[in-house]
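K.L.:
This is a predicted model, with the sequence first.
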Amino acid sequence: MKTNMPVVTVPATDRATAALADWLIRDLTAVTLEHAGLPDPQRLRRLPPITAAHIGKPGKLRRHVRALEHVLGQVDRHLRAGAHLREHGLGTESVPAVPTELFDVAADLAGTVVERGSPAAALANRAVLLAAGVIGRGLGVVDASATWSATAGSYCAIIAQLWRDEPQAQVLVDPG
């Protein structure tokens, strides 16, 4: 499903990177886990907001990394146990649960944060991919179209915040 969703470009400031990383971990990841019926999205929401200081000194993201590793461990155990298949039956749908552009944004952000010295965004990206796969196969607790709308709305909100807070930000729309 091609959407031509706006893609924001911002100066590579610690503040902009922090805002996007915070959105990825505490919002996008938590929403997709929740909609998939996977364990412990609230753990991510309870994390402290990511600030420019976290990005400037990635060791400050250790708490976020530990929380994501814990959540991913729970998700892996949950999926290996086949809990979704017993609870929801075998799904046959294959519908995107997250706009493709958001996967691209998450992957790019994961690379940026890894380059700064922390795997936090990469772990969040993995969790989003797992949860989106569950939802896309019709095995979540919320259908794919509702998740797609929620995640797109969440992304639009962070774009608006960045555009307001970062005067150098540009919004680009891929004409393809």
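P.N.:
Arrived safely.

K.L.:
Now do the strands in this structure.
P.N.:
7-9, 170-172 (DSSP state E).

K.L.:
Could I get the full set of helices for the protein?
P.N.:
Using DSSP state H, the helices of the chain run over 14-22, 30-36, 41-45, 52-56, 62-80, 83-88, 100-116, 120-136, 144-165.

K.L.:
Comparing the strands of the chain, which yields the minimum mean pLDDT?
P.N.:
Note on the strands of the chain: strand 7-9 shows the lowest mean pLDDT, a mean of 59.

K.L.:
Dump the helices of the chain into CSV; add mean pLDDT and mean neighbour count as well.
P.N.:
Backbone N, C-alpha and C define where each C-beta goes, glycine included. Output for the helices of the chain, formatted as CSV (pLDDT from 0 to 100; neighbours: other C-beta atoms under 10 Å):
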stretch, mean pLDDT, mean neighbour count
helix 14-22, 91, 21
helix 30-36, 97, 25
helix 41-45, 96, 17
helix 52-56, 92, 18
helix 62-80, 95, 16
helix 83-88, 54, 14
helix 100-116, 90, 18
helix 120-136, 95, 24
helix 144-165, 91, 17
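
K.L.:
Is Phe103 in contact with Arg126, as I believe?
P.N.:
No: counting by C-beta atoms under 8 Å, Phe103 stays clear of Arg126, with 11.6 Å between them.

K.L.:
Tell me the span between the first and last residue of stretch 31-50.
P.N.:
17 Å (C-alpha to C-alpha, to the nearest Å).

K.L.:
No further questions, thank you.
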